[in-house]
Each structure stands twice: as structure tokens, then as C-alpha cells.
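A.B. asks: Compute the structure for the input listed below.
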Amino acid sequence: MTKDQLFAFAQHITPQKALSRVAGRVAECENSWVKNTFISQFVKKYQVDMSQAVNSDPLSYRNFNDFFTRAIRPELRPICDGDNTIACPADGAISQLGDIEHGTLFQAKGHTYSLTSLLGGDASLSDQFLGGSFATVYLSPKDYHRVHMPLTGKLTKMIHVPGKLFSVNKVTAEQIPNVFARNERTVCLFETEAGPMAVILVGAMIVASIETVWAGQVTPFNKNVVTWDYAALSDITLKKGEEMGRFKLGSTAIVLFGKDAIAWQESLKAETPTQMGMEFGVIKKES
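C.D. replies: Residues are numbered from 1 along each chain as shown. So this is what the prediction gives:
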């Protein structure tokens, strides 16, 4: 058994949700010694650049979660200009991007996964994105962990899909099939100038929670798929570049568009570093 296979096997036998619950309690702890110890060690281990944060003093945060979801100085993340440009949703790196072919998305090393499964099992939702485009952005521990809008959009639906909490790093994506469609996730659906757009926040090992700006904490650990229909109940519209959600530890953001709606920047490929707000693609046509 290789080192990578052993890492994947260990995740199968780890009590993922119990471990994540414990991590969540520690991350919310406001005891000075506890939170300062964890924050100091985290900054050192992952070489976090605190000069980019609005509050650059890591030990002044109320708890580890406040530090982890710290705001970034807006002048360091300008939002790309142009009405037809698509903004990158998050700091991190491209995991994969490309076309949604035959109802599947490419994961890594020959692994693909189902679009319908990713969206919680509703074929009528996945039909909107058949033949469309996807991009997966992995947020490493040192990254800015707020997710922003790629385009201005009106919220139509949010779906919480329960699941596993595998790690979502490169090694796991190469070793564990369907990881993004198996992990706990929150699917957010919007209507935009490019037609339907989905932004999916995927949980991972030790992710304490996923939040959205309109609903607050959505996860963790619901046992059933839960759907909130916003189309007829509210007029929640977020502009391109506005924050739409955040991770308290972890993870991955996946963006979906419909067929012939957009084109990704040609320079983007697997493992390309990303910054929130950079030009990610362009709208090909008005819907």
C-alpha cells in the first residue's frame, strides 16, 4: 500500500463527524491560552500572511474561527472589471475545470462524478447545467476562507446535502472516487446574466461549519437533504464580488454554468493558483 493509499484508507476508518465536532468546539473556544496556542501554531505551520488581513494581529481574534474567517484588505483583491467578466470566487488553486460531459464532472486521475448527485439528486436542477461548464477551487489552510460571487445573481434556491467529511486535497481527490458528491455540501443556485449559476460549498474533514450571508450557519450534520426555495419568497440579489459564504475550516468551492453560457480563461488549468476577484472567465452570450 502506497503512502497516498494509506492516507485515503485512514480517512475511511476515522470518525469524521465526531472529530469535526470536537474541532468545532475548540475553534469556538474563547479561552486566551487555548485559542492563542492554536492560532500561533497554525500561523507558523502554514505560513499565513497576516499582512493581508484587515486585522493583522492574529492573537486579537475572539477565537480560532474568527481568525480563520478573517476579512481580507479589499484593495488587495480588486474585482475584475467589465460587465461580461466572471470573477474568481475564492483564493486557492484550481483543482479541475472544464466541460460537464454526459452529466459528469472530472475529479482527478480518471475519476468522474455525477452532476445530479452533486446537486442533491434532483435531475430537474442538473438539466440546467448539462453540457455546461464547471470549475473547482481548492482552498488550502493558509488561504482566505470567504467565498464571493462570480457574477451578480438573484438567489433562487439553497440545498443542504448531508454526507461524508473526507479531506478534499489533491491526494484524496486522486484516491477516493466521487469525493465531492459524497461529502457534506451546500448548493446555492442563482439566476444571472449568463443564465443559471450554481456555487457549491463542499465540506471536508474537520470543517466546523459552512455559512451563507443570507442564512448564517447551514451545516454541520443535518441527516437529510434540506431545500430552501427563495425564488418566490424573497429578492436576495448579490453583486459580483460580494461575499456569499464562508468555511470555518476547509474546503472547496465548485462553480457551474449552463451550456454555451461562459468560457473560462484559457490560462487556467489544474493547480493554477487563484485569487478572489481575478478574471476567471467571460460570458459568451446573454440569456
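A.B. asks: okay, Gln108: pLDDT?
C.D. replies: Wrong residue type there; residue 108 is Ala, not Gln. Looking at Ala108, its pLDDT stands at 53.
A.B. asks: One more: Gly103?
C.D. replies: 88.
A.B. asks: Nearest spatial neighbour of it, chain-adjacent residues omitted?
C.D. replies: If the residues on either side of it in the chain are set aside, Gly103 comes closest to Leu115, at 4.9 Å by C-beta to C-beta, 6 or more residues apart in numbering. Heads up, the C-betas are built off the backbone N, CA and C, glycines and all.
A.B. asks: so where do the strands sit in the stretch 151-287 of the chain?
C.D. replies: For the stretch 151-287 of the chain, the strands defined by DSSP state E, counting those that start in this stretch occupy 153-161, 185-192, 195-202, 209-212, 216-217, 226-229, 237-238, 243-248, 252-257, 262-264, 273-274, 279-283.
A.B. asks: closest one to Gln52 among those?
C.D. replies: With C-beta to C-beta as the criterion, Gln52 lies closest to strand 273-274 of the strands of the stretch 151-287 of the chain, at 14.3 Å.
A.B. asks: and the longest helix for this structure?
C.D. replies: In the chain, with assignment by DSSP state H, the single longest helix is helix 32-46.
A.B. asks: same for that helix, what does it pack against?
C.D. replies: helix 16-28, helix 64-68 (3 or more C-beta pairs under 8 Å, 6 or more residues apart in numbering; DSSP states H and E).
A.B. asks: quick one: low-confidence parts of the stretch 151-287 of the chain?
C.D. replies: Residues of the stretch 151-287 of the chain that meet the criterion pLDDT under 70 lie in 163-182, 204-208, 219-222, 249-250, 285-287.
A.B. asks: Contact partners for Ala253?
C.D. replies: Ala253 makes contact with Pro89, Ala90, Gly92, Thr136, Val137, Leu139, Val147, Val199, Ile200, Leu201, Val202, according to C-beta atoms under 8 Å, 6 or more residues apart in numbering.
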